[in-house]
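Asks: Okay, structure incoming, though there's no sequence with it:
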């Protein structure tokens, strides 16, 4: 199978990424080639070069909150929930942060979570939770900043990232090392839409915190909604009251801490079957 990638994000390595290893796992003879020679062209949203290749079988992929336009592609992999169109295969971004193929890193992301870490106990969860709450973000969305300030009116929230007081280097491992020292981590999604769930809850939970999360209430299609505080639909004061209650009740904290991230451990066997069927 000859494949190529076009219009992907900066730092994307065509021979070291989830889709490449997925295809290689299904088709042993998978080869990355120039787009003009590809049997399958994977396209994303960071450019328009794919318009130059009109006669190729195209599979659109995005981890962004962007809905696929299936007038332009044969199939799509996206977060989108679309039960009426078999050509869209739901593949939310968090799948790309798990080390399904035992390769350790895709460079971007630079750290992949081992599959056995999806259970509660791992190197991060065993760290002492001797600090209260942190948040890691670089995009200054107002709801994140407002919630950080509100929680800090109770106890200080330590901020990390470009628009916070503590600047840190690049990398998911570094991020998880930092937040694993905290009881709580504030990790709102960039935007709210049905099915749109990125790596944020995954990282916060695997790092051994209780995530203070904000995402669409269909959260339970991917995750165990009991493993976090979902701020969606709650007033700011209700969120703060929940945090204070949990912070001051050791039994309640431990019961939420022990809740698994998933109701059922995920896998990618279903995805392999779909790809075999469509290609």
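Replies: The structure has been received and is ready for your questions. Model, not experiment: these values are computed from the prediction. Numbers count the residues shown, from 1 in each chain.
Asks: can you tell me how far the residue in the chain sticking out farthest from the centre sits from residue 41?
Replies: No residue in the chain sits farther from the centre than residue 55, which is 32.2 Å out by CA atoms, centre = their mean. Using CB to CB, to the nearest Å, one gets 10 Å for the distance from residue 55 to residue 41. Bear in mind the C-beta positions are built from the backbone N, C-alpha and C, glycine included.
Asks: what about the residue lying closest to residue 35 once chain neighbours are set aside, is that helix, strand or coil?
Replies: Closest residue to residue 35 in three dimensions, ignoring its sequence neighbours and counting by CB to CB, 6 or more residues apart in numbering: residue 4, at 4.4 Å. With DSSP: H, G, I helix; E, B strand; the rest coil as the basis, residue 4 sits in strand.
Asks: remind me which residues of the stretch 151-279 of the chain are low pLDDT?
Replies: Scanning the stretch 151-279 of the chain for pLDDT under 70 picks out nothing.
Asks: quick one, helices of it?
Replies: Secondary structure of the stretch 151-279 of the chain (DSSP state H, counting those that start in this stretch): helices at 172-179, 200-206, 236-247, 250-257, 269-278.
Asks: With respect to residue 215, which of these lies nearest?
Replies: Set against residue 215 and scored by CB to CB, the helices of the stretch 151-279 of the chain come closest in helix 200-206, at 7.1 Å.
Asks: related to what we said a few turns ago, output the helices of the stretch 151-279 of the chain as JSON lines; include the columns mean neighbour count and distance to residue 215.
Replies: Output for those, formatted as JSON lines (neighbours: other CB atoms under 10 Å; distance: least, CB to CB, whole Å):
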{"stretch": "helix 172-179", "mean neighbour count": "20", "distance to residue 215": "18"}
{"stretch": "helix 200-206", "mean neighbour count": "26", "distance to residue 215": "7"}
{"stretch": "helix 236-247", "mean neighbour count": "16", "distance to residue 215": "13"}
{"stretch": "helix 250-257", "mean neighbour count": "13", "distance to residue 215": "17"}
{"stretch": "helix 269-278", "mean neighbour count": "12", "distance to residue 215": "22"}
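Asks: Which among these is found nearest to residue 26?
Replies: helix 269-278 (5.4 Å).
Asks: which residues sit against that closest one?
Replies: 22-23, 25-26, 74-75, 89, 91 (CB atoms under 8 Å, 6 or more residues apart in numbering).
Asks: all helices for the stretch 1-150 of the chain, in order.
Replies: Under DSSP H, counting those that start in this stretch, the stretch 1-150 of the chain gives helices at 18-26, 142-152.
Asks: and among the ones you listed, the most buried is which?
Replies: Highest mean neighbour count of these: helix 18-26, a mean of 19 (counted as mean count of other CB atoms under 10 Å).
Asks: between that one and helix 269-278, how big is the angle?
Replies: Helix 18-26 and helix 269-278 are oriented at 70 degrees to each other (axes from the mean of the first three to the mean of the last three CA atoms, to 10 degrees).
Asks: circling back: redo the helices of the stretch 1-150 of the chain as a markdown table? Include distance to residue 231.
Replies: Listed next are the helices of the stretch 1-150 of the chain as a markdown table, based on distance: least, CB to CB, whole Å:
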| stretch | distance to residue 231 |
| --- | --- |
| helix 18-26 | 29 |
| helix 142-152 | 7 |
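Asks: Surely the residue nearest to residue 35 and residue 39 touch.
Replies: No. Using CB atoms under 8 Å, residue 4 is not in contact with residue 39, being 9.0 Å away.
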